[in-house]
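Q: curious how this folds, go ahead:
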Amino acid sequence: MAETTAEPQTPSPSVTLRFMAAPTDVLMAGASGVSGGRVLEWIDKAAYACATQWSGTYCVTAYVGHIHFTRPIPSGHMVEVRSRIAMTGRSSMHIVNEVLSADPRDGHFSPACDCLVIFVAKDTATGRSQAVPKFHPANKEEERVWQAAESRIDLRKAIEAEMAKQTYEGPSDAPRLITRFLAKPTDINWGGKVHGGTAMEWIDEAGTACTMEWSGIRTVAVYAGGIRFYQPISIGDLIEVDARMMRTDARSMQMSIHVRAGDAHRGRDELETAIHATVTYIGLGVDGEPQLARTFVPETEEDKRLAEHANTLRELRGHYSPLSLTPQVTHQRID
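A: Residues are numbered from 1 along each chain as shown. Sure thing, here's the model as predicted:
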């Protein structure tokens, strides 16, 4: 009998997850949809699956950017999270993610959120970054998405440089909320570190709580300009999530949120920044309509500087004008 040899499988550049949004995905009673943090957790899981499938090894979240929450996802809706490779570097994978949902009674899926996630492949033995297969666009749409991802590189570097200039420990009268807890075994991913999506839930919960306390009404995340991951978090680490308001506009509240982590035995003074995010929230009335924001007027030098920092981040996004990652999508029925 002739011996046959299996052909090596080519990694797929895309992953699609489909499931139903549950009542436990809603952050608070009376909310009209799933929390932004839970949506980010779904995105991170789908993007992780796409990254590991492409690279063939363990991967870590390095950056999540330009997250637009365009509408709420009701509990009971079917959810579809689509993740696909946009471009690759030596060890990095830029992944475009789209979240859609549909009432299962009619099956009409429409967009609810999109963003870009960057993962880095790791050698499990050494923990060092590992080269990944080169992604080659195979058609005009893939070329368009590659160019869109590439157009965000300079903007991301400019935002990171601007964020690195800021300090957050000076005298401040800004609305602020700090929570501390230990990282639990249920928080970790397959590599033994806290899942990036879990950490993003912590970020959204802290930002929501702080903006609700300030505004006195229910608030939701509508945009996250960038979530930068600096170091992994392990089981048993002491976690500090520090949410601080930078500025308010007519309807929005812009927050800077730090996640710090470290050995619980060494105390909070030894914690190091693990993640830094900037997230924008709006308040909603009982009818679900956006409300005018309660005005925050910065008084201290640091608060004034951070208010201007928030304005600079907005101007940078307008200056670079990156290309759209996703085409204009109309309502779509999926059977």
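Q: give the rounded mean pLDDT of stretch 230-241.
A: Mean per-residue pLDDT for stretch 230-241: 95.
Q: same check, this time on stretch 14-33
A: 86.
Q: pull the CA atoms of that stretch into CSV?
A: The C-alpha trace of stretch 14-33 is given here as CSV (Å, rounded to 0.1, in the frame of the first residue of the first chain):
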residue,chain,number,x,y,z
SER,A,14,-9.7,34.7,10.1
VAL,A,15,-11.8,33.4,13.0
THR,A,16,-15.6,33.9,13.6
LEU,A,17,-17.2,33.2,17.0
ARG,A,18,-21.0,33.0,17.4
PHE,A,19,-23.0,32.8,20.6
MET,A,20,-25.9,34.3,22.4
ALA,A,21,-25.6,37.4,24.7
ALA,A,22,-26.7,36.3,28.2
PRO,A,23,-28.4,38.3,31.0
THR,A,24,-25.1,38.0,33.0
ASP,A,25,-23.3,40.0,30.2
VAL,A,26,-25.3,43.1,31.2
LEU,A,27,-23.4,45.2,33.8
MET,A,28,-26.3,46.7,35.8
ALA,A,29,-30.1,46.3,36.2
GLY,A,30,-32.1,48.4,33.7
ALA,A,31,-29.2,48.7,31.2
SER,A,32,-30.3,48.5,27.6
GLY,A,33,-27.4,46.3,26.5
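Q: mind listing what the residue nearest to the spatial centre of the chain touches?
A: Central residue of the chain (C-alpha atoms, centre = their mean): Val64, 4.6 Å from the mean position. Shown in contact with Val64 (C-beta atoms under 8 Å, 6 or more residues apart in numbering): Leu40, Ile43, Asp44, Cys115, Leu116, Val117, Ile118, Gly196, Met200, Ala224, Gly226, Ile227. From N, CA and C alone the C-beta is placed, and that goes for glycine too.
Q: can you tell me how far it is from Phe181?
A: Distance from Val64 to Phe181, counting by C-beta to C-beta, to the nearest Å: 22 Å.
Q: also Glu302?
A: 26 Å.
Q: name the residue in these two with the higher neighbour count.
A: More neighbours surround Glu302 than the other of Glu302 and Phe181, with 19 against 12 (other C-beta atoms under 10 Å).
Q: hang on, that one packs against Gly170?
A: Yes. Using C-beta atoms under 8 Å, Glu302 makes contact with Gly170 at a distance of 3.6 Å.
Q: burial check on Arg251, number of neighbours?
A: Around Arg251 there are 14 other residues, counting by other C-beta under 10 Å.
Q: quick one, phi/psi of it?
A: phi -120, psi -20 (degrees, to the nearest 10).
Q: and it, what does it touch?
A: Ile282, Gly283, Pro290, Gln291, Leu292, Ala293.
Q: and the spatially closest residue to Pro171 that is not a sequence neighbour, how close does it get to Ala174?
A: Using C-beta to C-beta, 6 or more residues apart in numbering and skipping residues adjacent in sequence, the residue nearest Pro171 is Thr300, 4.7 Å away. Per C-beta to C-beta, Thr300 is found 8 Å from Ala174.
Q: go on, Ala22?
A: Going from Ala22 to Ala174 by C-beta to C-beta gives 35 Å.
Q: quick check, Arg247 in contact with Ala293.
A: No. Judged on C-beta under 8 Å, Arg247 makes no contact with Ala293 at a distance of 9.9 Å.
Q: between those two, which contacts overlap?
A: Taking C-beta under 8 Å, 6+ apart as the contact rule, the neighbours common to Arg247 and Ala293 are Met253.
Q: count of neighbours near Thr57?
A: Under the criterion other C-beta under 10 Å, the count of neighbours that Thr57 has is 16.
Q: how close does the residue nearest to Lys45 when sequence neighbours are not counted sit to Val81?
A: Leaving aside its chain neighbours, Lys45 sits nearest to Gly197 (5.7 Å; criterion: C-beta to C-beta, 6+ apart). Distance of Gly197 to Val81, computed by C-beta to C-beta: 11 Å.
Q: quick one: buried residues of stretch 71-84?
A: Pro72, Ile73, Ser75, His77, Met78, Val79, Glu80, Val81, Arg82, Ser83, Arg84 (16 or more other C-beta atoms under 10 Å).
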